[in-house]
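> structure of the sequence below:
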Amino acid sequence: MNLRHALVLVPALVFSSILCPAAETQTATEDVPALLDFREVVQQAREEVFPAVVYIKTRREALEEGRQATAESAGSGVIISEDGLVLSNWHVVERAIDVRCLLSDGRAMRASVLGTDRTTDLALLRLHFDDGDATDPLPTAPLGDSTGLREGDFVMAMGAPWGLNRSVTLGIIACADRYLPGSSEYSLWLQTDASISPGNSGGPLVNSEGDVVGINTLGILTGGDLGFAVPTETINELLPRLRQRGEVQWTWTGLQLQPLRDFERNTYFDADTGVVVADTDPASPARAAGLRGGDRIVAINGRAVTALSAEALPGIRRHLGLLPPDVPIELDLVRDDAEWTILLEPREKGAVEGREIALRRWDMTVKAINQFEAPDLYFHQPGGVFLYGVRRPGNAMNSGFRPRDIILEIDGRPVASLDDVESAHESALERLDERTRARFTVLRNGLRRQLVLEFARDYDR
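Down below sits the predicted model:
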């Protein structure tokens with residue numbers, strides 16, 4: 001029996017016991033097995049997936065506080081293959097230097113990170129077997145199809161909330177196609193009221209048939225249960241790339257897209273097909289190809305595209321992002337009521353997060369500016385370096401430095417890369433007996449400032 005249909009009978013049982021005369025009590029009693037069927041459906045779905053849920057503990061490198069340190073974090077995952085592939089979240093294993101997994105049968109295994117994608121917050125791990133583990137088969141969970149989910153369908157969120165090993169919470173799909181501005185570049189989300197707490201990240205969202213339909217990723221703890229999962233519609237498309245390449249290898253066009261009916265901007269276009277180009281990024285393939293704001297793209301390589309609302313944008317962006325790099329594509333578009341065909345050559349997107357280093361004596365960590373991670377800083381200084389973390393207490397803090405300051409010069413020498421900053425730091429350490437000050441030129445909120453870093457004190461002593 002379908003879980004949705006089984007649960008509909010529950011209120012009927014309650015009303016029968018209150019309103020029906022004694023002669024009709026037998027009818028209500030005959031309906032009791034339907035309620036039991038509902039419990040059996042939930043239990044069966046749980047048994048299909050719960051043994052494959054993995055509790056993950058990581059030791060990771062942390063640079064946010066202005067110094068190099070290690071921190072422990074916990075999350076969840078689900079085993080999807082008998083050879084030990086585990087699906088989880090990128091943020092669960094971010095900067096991990098050691099990953100340990102606890103299986104449902106009590107076995108503890110180390111794991112390595114096989115592939116990650118920061119943009120969709122997905123990670124693929126591989127369990128490492130000891131000699132004694134290889135003889136025992138691993139429980140696995142099947143990846144289902146999230147496209148058939150509808151609002152009101154029952155789901156279960158499984159994982160390790162608050163580091164408490166395993167749990168199951170029950171809820172419904174509150175929205176099957178949730179668009180979250182700023183977090184929906186390539187994928188929509190499954191919104192559920194099944195409780196998703198810290199530690200649930202990376203665990204499976206399971207339907208009533210016992211299929212994994214999403215990976216739990218986001219949770220809001222105030223104002224009621226509000227959780228979000230990456231749907232398997234996205235996962236199934238990206239998983240082969242994570243397995244084979246270790247990354248998705250997105251390509252980049254620089255197109256900023258807008259739906260035909262943009263409620264948020266109160267803008268509505270007189271058309272029912274295509275997607276509108278809102279703008280193009282500077283120095284992007286789209287701008288080089290001559291695309292303009294207001295163009296309406298109706299087909300990509302002959303494949304029709306339409307975004308009536310914002311919910312259709314992630315699918316179009318994902319299609320563009322998975323096209324091969326350096327291979328021209330044809331865009332059919334409408335401009336000023338005339339039909340155009342423009343050739344555009346996507347290029348590899350590359351890193352979406354800048355590299356980081358710690359400068360111990362200066363008590364700061366610095367990071368390369370990345371246009372996808374920090375577009376506001378990139379606007380001021382493409383390819384530069386900014387302060388990622390400032391140690392408290394520490395020399396940088398005492399000298400007036402702040403996180404997100406862009407470093408332009410050190411002692412009069414231009415800074416264009418992390419290597420420049422690292423070289424200046426090493427030179428300063430070599431001359432500690434002669435000089436313990438360095439003059440910085442930084443850009444803060446678009447304004448240049450001169451700061452003198454005093455680093456005579458060693459805060460690690």
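
> count of neighbours near residue 182?
Using other C-beta atoms under 10 Å, residue 182 has 5 other residues around it. Where you see a C-beta, it was placed from the backbone N, CA and C, and this is true even at glycine.

> give me the pLDDT value at it.
pLDDT for residue 182: 87.

> again, but for residue 39
pLDDT, residue 39: 78.

> chain center to the strand or helix carrying it, what's the gap?
Here residue 39 sits within helix 32-49, counting by DSSP states H and E. Here helix 32-49 shows a centroid-to-chain-centroid distance of 32 Å under the convention C-alpha atoms, centre = their mean, to the nearest Å.

> same check, this time on stretch 432-444
Centroid displacement of stretch 432-444 relative to its chain, using C-alpha atoms, centre = their mean, is 38 Å.

> what's in contact with that stretch?
For stretch 432-444, the external contacting residues (C-beta atoms under 8 Å, 6 or more residues apart in numbering) are 361-362, 380-381, 387, 401-402, 404-412, 424, 428, 448-456.

> which ChimeraX command selects the buried ones in these?
In ChimeraX, this line selects whichever of these come out buried by 16 or more other C-beta atoms under 10 Å:
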select :361,362,380,381,387,401,404,405,406,407,408,409,410,424,428,451,453,455
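
> among the contacts of stretch 432-444, which lie within strands?
387, 406-410, 448-454 (DSSP state E).

> want to throw those residues into TSV with pLDDT and distance to residue 306?
Converted to TSV, these look like this (pLDDT from 0 to 100; distance: C-beta to C-beta, whole Å):
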residue	pLDDT	distance to residue 306
387	97	44
406	97	41
407	97	45
408	97	46
409	97	50
410	97	52
448	96	47
449	96	49
450	97	53
451	97	52
452	97	58
453	97	55
454	96	60
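
> quick check: the most centrally placed residue in the chain vs residue 406, distance?
Among the residues of the chain, the one closest to the centroid is residue 121, at 2.4 Å (C-alpha atoms, centre = their mean). Distance from residue 121 to residue 406, counting by C-beta to C-beta, to the nearest Å: 27 Å.

> in a helix, residue 426, correct?
Yes - assessed by DSSP: H, G, I helix; E, B strand; the rest coil, residue 426 belongs to a helix.

> what domains does the record give for this structure?
What the record gives for the chain is the domain set 146-245, 251-348, 356-454, from automatic domain parsing.

> can you lay out those as TSV showing distance to residue 84?
Output for the domains of the chain, formatted as TSV (distance: least, C-beta to C-beta, whole Å):
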stretch	distance to residue 84
domain 146-245	12
domain 251-348	27
domain 356-454	30
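
> in terms of mean pLDDT, which of those ranks lowest?
The lowest average pLDDT among these, as it happens, falls on domain 146-245, at a mean of 90.

> chain center to it: distance?
Centre-to-centre, domain 146-245 and its host chain are 12 Å apart (C-alpha atoms, centre = their mean).

> what does stretch 243-250 give?
On C-alpha atoms, centre = their mean, the centre of stretch 243-250 falls 15 Å from that of its chain.

> stretch 372-379 too?
For stretch 372-379, the separation from the chain centroid amounts to 18 Å (computed by C-alpha atoms, centre = their mean).

> check stretch 254-265 too.
For stretch 254-265, the distance to the chain centre is 22 Å (C-alpha atoms, centre = their mean).

> contacting residues around it?
In contact with stretch 254-265 (C-beta under 8 Å, 6+ apart) are residues 181, 267-269, 271-272, 274-281, 283-287, 291, 306-310, 312-313, 316-317, 320.

> give me the subset of the residues you listed that lies in strands.
Applying DSSP E to these, the entries found in strands are 267-268, 275-280.

> out of these, the closest to residue 126 would be?
residue 275 (38.2 Å; C-beta to C-beta).

> test my guess that that closest one contacts residue 309.
No - judged on C-beta atoms under 8 Å, residue 275 makes no contact with residue 309 at a distance of 10.7 Å.

> quick check: end-to-end length of stretch 78-96?
End-to-end distance of stretch 78-96: 18 Å, with C-alpha to C-alpha, to the nearest Å as the criterion.

> hang on, I meant stretch 301-318
Using C-alpha to C-alpha, first and last residues of stretch 301-318 are 15 Å apart.

> winner for burial among the domains of the chain?
Most buried of those, by mean neighbour count (mean count of other C-beta atoms under 10 Å): domain 146-245, with a mean of 20.

> can you redo the ones in strands among the contacts of stretch 432-444 as TSV with distance to residue 93?
Shown next, in TSV, are those (distance: C-beta to C-beta, whole Å):
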residue	distance to residue 93
387	26
406	29
407	30
408	34
409	37
410	34
448	39
449	37
450	41
451	36
452	40
453	34
454	38
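
> and which of those residues is nearest residue 78?
Closest approach to residue 78 among these (C-beta to C-beta): residue 387, at 38.1 Å.

> not counting sequence-adjacent ones, nearest residue to the closest one?
Excluding its sequence neighbours, the residue lying closest to residue 387 (C-beta to C-beta, 6 or more residues apart in numbering) is residue 405, at 4.6 Å.

> for residue 211, state which of the ones in strands among the contacts of stretch 254-265 is nearest.
Of all those, residue 275 has the smallest distance to residue 211: 31.5 Å, by C-beta to C-beta.

> ok, now how distant is that closest one from residue 185?
Distance from residue 275 to residue 185, by C-beta to C-beta: 15 Å.
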